[in-house]
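> the sequence isn't on hand, but the structure is:
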């Protein structure tokens, strides 16, 4: 293997995300970053907010994993569970493929919706915005068979349909309009088309037991698991390896797409990966969301803490709004920033490393250990909700403290 190829592959892992995030934090603690100052004295206050938020939401501390499945629950109504229970599956593998189809397409549609968009939920008549609204819209689209090629078999996402999905079709499904604008709509539709193309191009991965569909990834992972167990970081690496081609044209190394990976001047190394910071937010969100379908199919998922926290604006906003991170130039909070800017990359990398620091404090205060309370539970309990809550306290529209230009494919 060429050195450049090995270098590229090394960035397609949770371990690379964690290592480089902690390098950024180390530089920040030496006051060496261009955009943010770091003050760990405020981390205890952030942990207190996460603990309070977790106890309020889950008084018995029985916290589920952070995953897309939580967003399909409205009150006590678990929409996907109801559909799943009512469907006469042929076997557990067919059920798992459908769950994979739903999780993959829904997560890829889950980048920030923008503050003005909302979805009218037909079951309740309420308007639901942001990630929860996107989840309900994507579930309705999936359940209606909008991604299926076979009449009478709606609960699937076929590559042939995904490849031809238009922006207008997505606009209708998500109720988007000039009066109800969905950020990055064109980017979302293009992402699903590229998903269809990538799936169709790799039948050895996605069509082992059926026509090409994202859910075919279940059969691939089940084969790697030998029907018994698989490590969560392996799930992520396989997603990055086999779905890397779906991301918009960004950085490549030796012809290998690096996905959610960006440049930052402080991340210097002695090889071809110098200045590169992998983050893989949506891919890790997807890896977390595939854990439960794998478990339901009888496959144990190990080393869940091998995945990292998610480099998105709620987790990141928590650290700014609690004072752990401060902008060197406060005027930057009033500007819009490209997702590939050094400021945003720095913020996102620091978020991942600070989450690792935060979870230790949260566990101590909840009297839990890493085995019983992995990072996936703290994210759910947790950091994401605390970041949203403090954003609402600080800003009338609940927006994040940093304004990021979204193309619908990052966060």
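Great, that's in hand. Computed from a predicted structure; not experimentally measured.

> quick check: end-to-end length of stretch 297-313?
End-to-end distance of stretch 297-313 (Cα to Cα, to the nearest Å): 33 Å.

> residue 210 contacts residue 217, doesn't it?
No. Taking contacts as Cβ atoms under 8 Å, residue 210 lies outside contact range of residue 217: 11.4 Å. (Glycine included, C-beta is placed from N, CA and C.)

> the two: which has the busier surroundings?
Applying other Cβ atoms under 10 Å to residue 210 and residue 217 shows that residue 217 carries more neighbours, namely 27 against 16.

> which residues touch that one?
Shown in contact with residue 217 (Cβ atoms under 8 Å, 6 or more residues apart in numbering): 100, 104, 205-206, 238-239, 242, 290.

> just the pLDDT for it.
With respect to pLDDT, residue 217 has a value of 98.

> which pLDDT value does the model give residue 408?
pLDDT, read off for residue 408, is 63.

> and what of residue 250?
80.

> what's the burial count for residue 392?
Neighbour tally, residue 392, other Cβ under 10 Å: 11.

> measure it to residue 115 for me?
12 Å (Cβ to Cβ, to the nearest Å).

> anything in contact with each of these two?
residue 398.

> how many neighbouring residues does the closest residue to residue 403 other than its chain neighbours have?
The shortest distance from residue 403 to any non-neighbouring residue, by Cβ to Cβ, 6 or more residues apart in numbering, is to residue 336 (4.7 Å). A count of neighbours around residue 336, defined by other Cβ under 10 Å, yields 10.

> state the distance from residue 336 to residue 401.
13 Å.

> OK, contacts around residue 216?
Contacts for residue 216 (Cβ under 8 Å, 6+ apart) come out as 97, 100, 199, 205-210.

> can you say which helix or strand has residue 37 in it?
In the assignment (DSSP states H and E), residue 37 maps to strand 36-38.

> ignore the last one, residue 55
helix 43-57.

> cool, residue 390 as well?
Per DSSP H and E: helix 384-394 holds residue 390.

> residues in contact with the helix or strand just after that helix: which ones?
Counting by DSSP H and E, the element after helix 384-394 in chain order, helix or strand, is strand 403-405. The contact list for strand 403-405 (Cβ under 8 Å, 6+ apart) reads 112, 313, 333-339, 344, 410-411.

> strands paired with strand 403-405, and their directions?
Sheet pairing of strand 403-405 (DSSP bridges) gives strand 336-338 (parallel).

> need the contact list for residue 74.
Applying Cβ under 8 Å, 6+ apart, the residues near residue 74 are 121, 123-124, 136.

> do that again at 10 Å, thanks
The contact partners of residue 74, taken as Cβ atoms under 10 Å, 6 or more residues apart in numbering, are 121, 123-124, 126, 128, 132, 135-136.

> just the buried ones from those residues?
Among the contacts of residue 74, those buried by neighbour count (16 or more other Cβ atoms under 10 Å) are 121, 128, 132, 135-136.

> where in the stretch 151-300 of the chain is pLDDT low?
249 (pLDDT under 70).

> so where do the helices sit in it?
Counting by DSSP state H, counting those that start in this stretch, the stretch 151-300 of the chain has helices at residues 159-162, 167-173, 185-201, 203-206, 217-225, 232-243, 281-296.

> buried sites along stretch 199-214?
Residues of stretch 199-214 classed as buried under the neighbour-count rule (16+ other Cβ under 10 Å) are 199-200, 202, 205-208, 210-214.

> same question, stretch 51-70
Buried-residue list, stretch 51-70, by 16+ other Cβ under 10 Å: 51, 53-54, 63, 65-70.

> report the mean confidence score over that stretch.
Taken as a whole, stretch 51-70 has an average pLDDT of 96.

> so residue 134 is in contact with residue 112, correct?
Yes. Applying Cβ atoms under 10 Å as the test, residue 134 and residue 112 come out as touching, 9.1 Å apart.

> mutual contacts of the two, please.
With Cβ under 10 Å, 6+ apart as the test, residue 134 and residue 112 both reach residue 182.

> give me the lowest-pLDDT entry from the contacts of strand 403-405.
Comparing the contacts of strand 403-405 by pLDDT, residue 411 comes last, at 62.

> overlap of the contact sets of residue 210 and residue 217?
Contact with both residue 210 and residue 217 is made by residues residue 97, according to Cβ under 10 Å, 6+ apart.

> phi and psi next, for residue 123.
phi -70, psi -30 (degrees, to the nearest 10).

> contacting residues for it?
74, 77, 79, 136, 140.

> could those go into a markdown table alongside pLDDT, secondary structure and distance to residue 257?
As requested, these are arranged in a markdown table below (pLDDT from 0 to 100; DSSP: H, G, I helix; E, B strand; the rest coil; distance: Cβ to Cβ, whole Å):
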| residue | pLDDT | secondary structure | distance to residue 257 |
| --- | --- | --- | --- |
| 74 | 90 | strand | 36 |
| 77 | 91 | strand | 39 |
| 79 | 95 | helix | 34 |
| 136 | 96 | helix | 31 |
| 140 | 96 | helix | 31 |
